[in-house]
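>>> For reference, the sequence and a predicted model appear below.
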Amino acid sequence: MPNYFITTLGCQMNKNDSERIETMLRGMGMDLAETEESADVIVINTCSVRQTAEDRVYGFGRNFVELKKKNPGLIVCVTGCMPGRDKDSRLRSKLVGVDLYFPTKDMVYLPQWLSELNPDLRPMADLEKDYLSLKPTYQKKFQAFVTIQTGCNHFCTYCVVPFSRGLEVNRSLQTILTEVRDLAVGGCLEITLLGQIVNHYQAPDPEHFSLGNSYQKNDFAKLLWEINAILGIQRIHWTAPHPLYMNDELIDALTILPKQVNYLHLPVQSGNNEVLNRMNRRHTREFYLDIITKIKARKPNIAIGTDIIVGFSGETDEQFADTMSLFAACDFDISYHAKYSPRSGTVADKVFPDTVTMERKKERWWKLQVLMEETVLRKNQSYVGKTISVLIDDAKNGWCMGNSPEMKRVQCMGGEELVGTIQSVVIERAEEWILWGQRK
Ligand code: SAH
Ligand code: SF4
Ligand code: F3S
C-alpha cells in the first residue's frame with residue numbers, strides 16, 4: 001500500500017490544515033509512513049512568517065533530490081503559506097525536487113493531481129471545493145483544533161499572512177457548531193478555536209445563534225457562549241485575538257464562562273507607540289495596558305501570553321525599553337519573541353528599511369528572554385501547594401504530562417491509562433516550563 005509523510009512548519013492553523021490533507025491521503029487508500037525515507041508521497045506544509053521558516057524548506061529540497069534517487073516514484077508536494085504568497089513563482093524557482101506546489105486553499109485538488117502522477121493512487125469522489133469543509137484527521141481524541149477563520153485583512157506592515165492566506169474568510173457558524181458537537185460526541189474535552197484575528201469572527205449565518213444569545217453584538221463572544229453550552233466539552237481555548245477587538249462582551253465571556261481556559265494569548269508586538277504605529281497595529285501601548293488591567297481586575301489569576309517582535313525597522317534602544325517596561329507591567333506568563341525579518345511584498349519591506357543590526361536584535365531578544373524566564377519562574381512558584389486540574393495528553397516512563405487551565409505544563413507520576421483524562425494535581429515544585437506535582 002502506498003504511504004505518505006507530512007511535515008508541518010508554522011502555526012497551529014497549519015497543523016489543522018495538515019490534518020485535512022491527511023484525511024484526503026487516507027481517503028485515497030494511503031497509510032502513514034514511519035519515516036520520510038519510506039514514503040511514496042511527501043507533503044511539506046510551509047510557513048512564511050520569517051525568512052528562517054522559508055530557509056528550512058530550501059534545506060529540505062536537497063534531501064528530496066537524494067530521496068528520489070532511491071525511490072524514483074516519490075511525489076513531493078509543497079503547500080501552505082509559501083506557495084500562497086509566491087504569486088510569481090520566485091520562491092519556487094529556488095526549490096528543487098518538488099512535483100506539486102500549491103497554496104493551502106487548493107489542497108482539495110491534491111487527490112486528482114496525485115492520481116494523475118501515479119495511476120495506482122485513486123482519486124476521491126465528491127470532494128468539497130472549500131478546503132475548510134474537509135474533516136480533519138484529529139491527532140488526538142480528547143483535544144482538537146477548530147479553524148473558524150482563515151486569512152487576514154489587517155495588513156500589519158511586517159506581516160506576510162494577508163498575502164499568503166489571502167483576505168479574511170469566516171466559516172459558517174453552523175459548520176463550526178456541527179464540528180464541535182461531533183467532536184464532543186466523540187469524547188473531545190478541549191477545543192482550540194483558530195483564526196488570524198480569531199476575535200474578529202463574523203458569522204456568515206448569524207441566524208444559527210441561539211435565541212438566548214441574541215442580545216449580544218460580538219459574534220465571537222456569542223460563539224464562545226454557544227460552545228460553552230455543548231455537553232462534553234470541558235475546555236475552550238482560542239488563538240490569536242487582536243487587542244482592537246477585545247471589547248467588553250468578549251472580556252465578559254473570557255472571565256465568566258466556566259469552560260473558558262484561564263489563559264489569554266494576546267499579541268502586542270511592541271510596547272512603544274511609534275513602533276506600533278509603524279507596524280500598523282492600530283492601537284497604542286495605553287490601549288493594550290487598559291485591556292490587561294480590565295481583565296485582571298475581573299480575573300486576577302488569569303495567565304496571559306503574548307508575541308513580541310524585536311528590532312523592527314528603526315527601533316531605538318529607548319523604544320525597545322518601552323517593550324521591556326510593558327512586559328513588566330503585564331507580567332506575562334509566556335511570550336514568543338521574534339527578531340524582525342523583512343518579508344518581500346509587505347509595506348514594511350517597501351518603506352521601512354531593516355535598520356537594526358542582527359547583533360542588536362539578538363541582544364534585545366535575549367534581554368526579553370531573560371525577563372520572561374525570571375517572570376515565569378516567579379509566577380510559577382505561586383502554584384506550589386495548590387491543586388490544579390490537568391488534562392493529561394502524554395505519558396512516558398511512568399510520568400504523565402498535560403496542561404493546566406493556565407496552559408502551564410504539568411508533570412506527575414502516572415501511566416498511559418490517564419491520557420485523555422482530567423486529573424487533580426497538587427503542585428510540589430515549580431520550574432520555568434514545568435510544574436511538578438502529585439495526583440490527588
Ligand atoms: N495573527 C496573529 C499572528 C500571526 S504571525 C496576530 O495577529 O497576532 C505570528 C507571529 O509572528 C506574530 O505575532 C509576530 O510576532 C511574528 N511575526 C509576524 N511577522 C513577522 C516578521 N516579519 N518578522 C518577525 N516576526 C514576525
Ligand atoms: Fe499578520 Fe497583523 Fe493579520 Fe496578525 S493581524 S495575521 S500580524 S496582518
Ligand atoms: Fe506561518 Fe502561515 Fe501560520 S505564515 S505562522 S504558517 S499563517
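Perfect, thanks for sending it. Ligands and ions are numbered 1, 2, ... in the order given.
>>> Give me the nearest residue to residue 128, chain neighbours excluded.
Nearest residue to residue 128 in three dimensions, chain neighbours excluded: residue 134, at 5.8 Å (C-beta to C-beta, 6 or more residues apart in numbering). (C-beta placed from N, C-alpha, C; glycine too.)
>>> actually residue 117, sorry about that
Using C-beta to C-beta, 6+ apart, the closest residue to residue 117 is residue 75 (5.4 Å).
>>> Tell me the helices and strands packed up against the one helix or strand residue 289 maps to.
Per DSSP states H and E, residue 289 falls inside helix 285-298. The contact analysis (3 or more C-beta pairs under 8 Å, 6 or more residues apart in numbering; DSSP states H and E) places helix 285-298 against helix 248-256, helix 317-330.
>>> So is it next to ligand 1?
No. Judged by C-beta under 6 Å from any ligand atom, helix 285-298 makes no contact with ligand 1; its nearest approach is 12.3 Å.
>>> And the contacts of that helix?
For helix 285-298, contacts defined as C-beta atoms under 8 Å, 6 or more residues apart in numbering pick out 243, 246, 251, 254-255, 264, 266, 268, 271-273, 276, 302, 304, 322, 326, 329-330.
>>> swap the cut-off to 6 Å and go again
Helix 285-298 is contacted by residues 243, 246, 251, 255, 268, 271, 273, 326, 330 when judged by C-beta atoms under 6 Å, 6 or more residues apart in numbering.
>>> so what's the last one closest to, chain neighbours aside?
Excluding its sequence neighbours, the residue lying closest to residue 330 (C-beta to C-beta, 6+ apart) is residue 292, at 5.1 Å.
>>> Next up, the contacts around residue 329.
Residue 329 touches nothing, counting by C-beta under 6 Å, 6+ apart.
>>> Can you name the residue of this structure nearest ligand 3?
residue 10 (2.7 Å; C-beta to the nearest ligand atom).
>>> that's a helix at that residue, yeah?
No. Looking at residue 10 with DSSP: H, G, I helix; E, B strand; the rest coil, it is coil, so not inside a helix.
>>> Could you report the neighbour count for it?
For residue 10, the neighbour count with other C-beta atoms under 10 Å is 20.
>>> cool, and residue 339?
18.
>>> Show me what it bridges to in the sheet.
When assigned by DSSP bridges, residue 339 has beta-bridge partners residue 310.
>>> before we move on, back to that, and the residue of the chain closest to ligand 3, how close does it get to residue 295?
28 Å (C-beta to C-beta, to the nearest Å).
>>> pLDDT score for residue 263?
Here, the pLDDT recorded for residue 263 equals 98.
>>> contacting residues for it?
303, 406, 407.
>>> Tell me the one of those nearest residue 53?
In terms of C-beta to C-beta, no member of these lies closer to residue 53 than residue 407, at 23.1 Å.
>>> Tell me the secondary structure of that closest one, please.
From three-state DSSP, the assignment for residue 407 is coil.
>>> does the residue in the stretch 151-300 of the chain positioned nearest to ligand 1 count as helix, strand or coil?
Per C-beta to the nearest ligand atom, residue 267 is where the stretch 151-300 of the chain lies closest to ligand 1, at 3.4 Å. Under three-state DSSP, residue 267 falls in the coil class.
>>> Now it: closest residue in space, sequence neighbours ignored.
Residue 267's closest residue in space is residue 307 (C-beta to C-beta, 6+ apart), at 3.9 Å.
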